[in-house]
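**Student:** sequence plus the predicted model coming up.
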Amino acid sequence: QVQLVESGGGLVQAGGSLRLSCAAAGRTFSSSALGWFRQAPGKDREFVAAITRTGFYRYYADSVKGRATISRDNAKNTVYLQMNSLKPEDTAVYFCAARTNITSDAYYVRESDYHSWGQGTQVTVSS
């Protein structure tokens with residue numbers, strides 16, 4: 001297990017940008033696949049982006065493809081989500097997640113694939 005804490009959310013105008021950060025505590029970060037999910041009011045949590053243990057492979061939901069970049073810094077035990085050209089429909093609580101102690105360089109897109117979750121950070125995009 002790894003403890004995750006998100007930051008960087010806030011209120012931004014449509015068309016703006018935000019960089020979300022997720023800091024991890026624990027010694028398994030470098031052997032973890034990581035993901036970002038979001039949950040809008042009244043909706044189920046949905047996948048946003050994923051990155052493999054090495055950072056070599058990344059995968060995005062169609063809704064954010066071309067506007068989002070997921071990255072990781074294993075030296076800082078941190079995963080990032082850069083969001084550009086934000087839209088009001090991007091308004092949600094954003095969660096990072098980790099699947100720990102893996103040996104393959106795979107990414108994961110289902111909530112059930114992940115072992116650890118952060119508490120979330122609110123992103124609100126005004127029109």
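**Tutor:** Cool, got the structure.
**Student:** you'd agree Y59 is up against A49?
**Tutor:** Yes: the criterion here is Cβ atoms under 8 Å, and Y59 meets it with A49 at 6.9 Å. Where C-beta positions appear, they are placed from N, C-alpha and C, glycine not excepted.
**Student:** looking at those two, which is more packed in?
**Tutor:** More neighbours surround A49 than the other of Y59 and A49, with 26 against 17 (other Cβ atoms under 10 Å).
**Student:** contacting residues for the more buried one?
**Tutor:** 35-36, 58-61, 64, 68, 70, 81 (Cβ atoms under 8 Å, 6 or more residues apart in numbering).
**Student:** go through those residues and say which is closest to G16.
**Tutor:** A68 (13.6 Å; Cβ to Cβ).
**Student:** the closest one: neighbour count?
**Tutor:** 21.
**Student:** so it versus R45, what's the distance?
**Tutor:** For A68, the distance to R45 equals 16 Å [Cβ to Cβ, to the nearest Å].
**Student:** and what of T124?
**Tutor:** 17 Å.
**Student:** neighbour-wise, which of the two wins?
**Tutor:** Using other Cβ under 10 Å as the criterion, T124 and R45 rank with R45 on top: 17 against 14.
**Student:** do I have it right that the more buried one meets R110?
**Tutor:** No: with contact taken as Cβ under 8 Å, R45 and R110 are classed as non-touching, separated by 10.8 Å.
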